[in-house]
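S.K.: Provide a 3D model corresponding to the input given below.
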Amino acid sequence: MQENTENLYARPHRRFNLLTNEWVLVSPHRTQRPWQGQVEDKPKEKQPEYDPNCYLCPGNERAGGAVNPDYQDTFVFTNDYAALLPDTPEAEQNENDLLIAESERGLSRVICFSPRHDLTLAKMSTKEIRRVVDVWAAQYEEIGAIDYIKSVQIFENRGAMMGASNPHPHGQIWANESLPNETVKELNASRAYFEKHGRSLLSDYLKTELEKGERIVHQNKHFVTLVPFWAVYPFETLVISRRQTSAISDLTANERDGLADILRETTANYDLLFDTPFPYTMGFHQRPTDGEDYPELHLHAHFYPPLLRSATIRKFMVGYELLGSPQRDITPETAAEMLRELKEK
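M.R.: Numbering: from 1, shown residues only. Model (predicted):
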């Protein structure tokens, strides 16, 4: 017999991640445990509008020797230290099905959101973010049209805690000739659901979440931000398009405005939570660029912020989480309520 969710959620339990077919352990009773572990330095509160020592500010020389133009809007360039290279020669290895490797072609680009060194997504206007959305869409189409590229991953690492090597607000694009692991997981799960139900997994999931309302954080006519039922990070969120479409470039003008606005609202709310510039990794999952149809896929973005209970205490993925399965303390419902109740100052 199924127990009511109030009792279930108050005690240790597992939740199933529909997108990856993996479980996450939820331990709400651990929220009161004392913390004597590592405490991070609080992020620098104020950045200048222009930093003469910044590799990404207009007119400055980058680490690789190139000089940035005096750009006035967004600025895209090939990463000076790219993780993927287009001229990688083809090669492979397979020794007795034990030592397996293969070459991987691709490219990496950097997108400066603004010429201003201090203007993060949280501080930009909807109009300014809309220009970034248009660049994302154009880059997805341009890079995806390259014959050997099958995946275009658009993402942002914000803050030193998330490995950002430069505080100037910027994102990245890594494009591969093969599909990355997380893309494959979500594709397989979405395809299986579509074959069984004839509908998009995230369309049905979004409908359920909107009916319940308890994990919804923000919404407008075109997009919804929510804390997913299976969230691993304490304040993880998922941004989902209301209309089922599978790529940023498919969005209408009004939908692009809606995406820009909900990104502004979501990031601004994060900054309010612990009164600090909130670190996170954010990235979009959209259809592969191999020319195939993907009726099962639904455009969405993941926000993975590491902060646990304050501006200086982060969540670590260690121990059981590396050896067993992910675990969280605060429930997704509590996290959504905390984020939802914040008001922009």
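S.K.: where along the stretch 1-150 of the chain do the helices fall?
M.R.: Defined through DSSP state H, counting those that start in this stretch, the helices belonging to the stretch 1-150 of the chain, from first to last, are 5-9, 126-144.
S.K.: list the helices and strands the longest one packs on?
M.R.: Spelled out, it's helix 126-144. strand 106-112, strand 151-158, strand 170-176, helix 253-273 (3 or more CB pairs under 8 Å, 6 or more residues apart in numbering; DSSP states H and E). Every residue, glycine included, has its C-beta placed from N, CA and C.
S.K.: Under the pLDDT cut-off, which ranges of the chain? List them.
M.R.: 1-3, 31-45, 162, 311, 343-345 (pLDDT under 70).
S.K.: center of it, which residue is that?
M.R.: When the chain is reduced to its mean C-alpha position, the nearest residue by CA atoms, centre = their mean turns out to be M282, at 2.3 Å.
S.K.: element containing that residue?
M.R.: Remark: M282 resides in strand 280-285, with elements defined by DSSP states H and E.
S.K.: Which other helices and strands does the helix or strand just after that strand contact?
M.R.: Using DSSP H and E, the helix or strand that follows strand 280-285 towards the C-terminus is strand 300-304. Here strand 300-304 is seen to pack against strand 237-241, helix 253-273, strand 280-285 when contacts are counted using 3+ CB pairs under 8 Å, 6+ apart.
S.K.: swap the cut-off to 10 Å and go again
M.R.: The elements that strand 300-304 packs onto, with contact taken as 3 or more CB pairs under 10 Å, 6 or more residues apart in numbering; DSSP states H and E, are strand 151-158, helix 181-197, helix 201-212, strand 223-226, strand 237-241, helix 253-273, strand 280-285.
S.K.: want to throw those into CSV with distance to S325?
M.R.: Compiled in CSV, these are given as follows (distance: least, CB to CB, whole Å):
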stretch, distance to S325
strand 151-158, 24
helix 181-197, 14
helix 201-212, 21
strand 223-226, 22
strand 237-241, 19
helix 253-273, 26
strand 280-285, 20
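S.K.: Nearest approach to L99 belongs to which of those?
M.R.: Counting by CB to CB, L99 lies closest to helix 181-197 out of the helices and strands packed on strand 300-304; the figure is 19.3 Å.
S.K.: Can you give the distance of that closest one from its chain's centre?
M.R.: 19 Å (CA atoms, centre = their mean, to the nearest Å).
S.K.: and if you look at stretch 177-191?
M.R.: Here the centre of stretch 177-191 is set off from its chain's centre by 15 Å, with CA atoms, centre = their mean.
S.K.: With just CA atoms, put it into PDB.
M.R.: Once side chains and other backbone atoms are set aside, the C-alpha atoms of stretch 177-191 remain, and they are given as PDB (Å, rounded to 0.1, in the frame of the first residue of the first chain):
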ATOM      1  CA  GLU A 177      31.500  14.500 -33.700                       C
ATOM      2  CA  SER A 178      29.900  12.000 -31.200                       C
ATOM      3  CA  LEU A 179      27.100  12.400 -28.700                       C
ATOM      4  CA  PRO A 180      28.300  13.100 -25.100                       C
ATOM      5  CA  ASN A 181      27.200  10.800 -22.200                       C
ATOM      6  CA  GLU A 182      24.500  13.000 -20.700                       C
ATOM      7  CA  THR A 183      23.000  13.600 -24.100                       C
ATOM      8  CA  VAL A 184      22.800   9.900 -24.800                       C
ATOM      9  CA  LYS A 185      21.200   9.200 -21.400                       C
ATOM     10  CA  GLU A 186      18.500  11.800 -22.000                       C
ATOM     11  CA  LEU A 187      17.900  10.800 -25.600                       C
ATOM     12  CA  ASN A 188      17.400   7.100 -24.700                       C
ATOM     13  CA  ALA A 189      15.000   7.900 -21.800                       C
ATOM     14  CA  SER A 190      13.000  10.400 -23.900                       C
ATOM     15  CA  ARG A 191      12.900   8.000 -26.900                       C
END
